[in-house]
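Enquirer: predicted structure and sequence below. I'll ask about it afterward.
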Amino acid sequence: MAELEVDLLRLRSHEWVAVAWAKGKLKCKQPKPVTRRHAHLAEQHATGQHSIADLAEQISFSRATVYRVLERARTTT
């Protein structure tokens with residue numbers, strides 16, 4: 001029974017977010033501009049010589065941040 005209630009709450013939340021987003025009421029943080037380190041990271045990954053963990057260590061980012069930066073690079077190009 002509790003799982004059903006959680007599912008219903010989650011469904012209502014998603015509906016509310018979709019409606020608010022469509023009306024322009026939902027504001028979110030604007031993405032930061034791409035820095036030279038982000039561009040360098042995308043170039044290094046494109047060569048295929050470094051793993052995600054290596055890139056994260058070189059630039060002192062977490063692996064999750066590296067994945068986010070690479071995803072943004074894919075969507076902007």
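Expert: Looks like it arrived, so ask away. As the structure is a computational prediction, the values presented were derived from the model and not from experiment. Numbers count the residues shown, from 1 in each chain.

Enquirer: contacting residues around stretch 63-77?
Expert: Contacting residues not belonging to stretch 63-77 are listed as 31, 34, 38-39, 41-42, 45, 52-53, 55-56, 59, 61 [CB atoms under 8 Å, 6 or more residues apart in numbering]. For glycine as for every other residue, the C-beta is placed from the backbone atoms N, C-alpha and C.

Enquirer: mind running it again at 6 Å?
Expert: For stretch 63-77, contacts defined as CB atoms under 6 Å, 6 or more residues apart in numbering pick out H38, L41, A42, H45, I52, L55, A56.

Enquirer: separation between the third one and K27?
Expert: Spelled out, it's A42. 28 Å (CB to CB, to the nearest Å).

Enquirer: list the buried ones in stretch 49-67?
Expert: Buried residues in stretch 49-67, counted by 16 or more other CB atoms under 10 Å: L55, A56, F61, V66.

Enquirer: could you list the low-pLDDT ranges of this protein?
Expert: Scanning the chain for pLDDT under 70 picks out the ranges 29-34, 77.

Enquirer: tell me how far the residue nearest the centre of the chain lies from H38.
Expert: The residue lying closest to the centre of the chain (CA atoms, centre = their mean) is R68, at 4.5 Å. Applying CB to CB, the value for R68 to H38 is 10 Å.

Enquirer: and for the longest helix belonging to the chain, what's in contact with it?
Expert: If you go by DSSP state H, the chain has its longest helix at helix 2-23. Helix 2-23 is contacted by residues L26 when judged by CB under 6 Å, 6+ apart.

Enquirer: tell me which helix or strand comes right after that helix.
Expert: helix 36-47 (DSSP states H and E).

Enquirer: helices or strands up against the following helix or strand past that next one?
Expert: Counting by DSSP H and E, the element after helix 36-47 in chain order, helix or strand, is helix 52-59. Packing partners of helix 52-59 (3 or more CB pairs under 6 Å, 6 or more residues apart in numbering; DSSP states H and E): helix 36-47, helix 63-76.

Enquirer: could the ones you listed be laid out in JSON lines, adding distance to V17?
Expert: Conversion of these to JSON lines gives the following (distance: least, CB to CB, whole Å):
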{"stretch": "helix 36-47", "distance to V17": "28"}
{"stretch": "helix 63-76", "distance to V17": "20"}
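
Enquirer: understood, closing this out.
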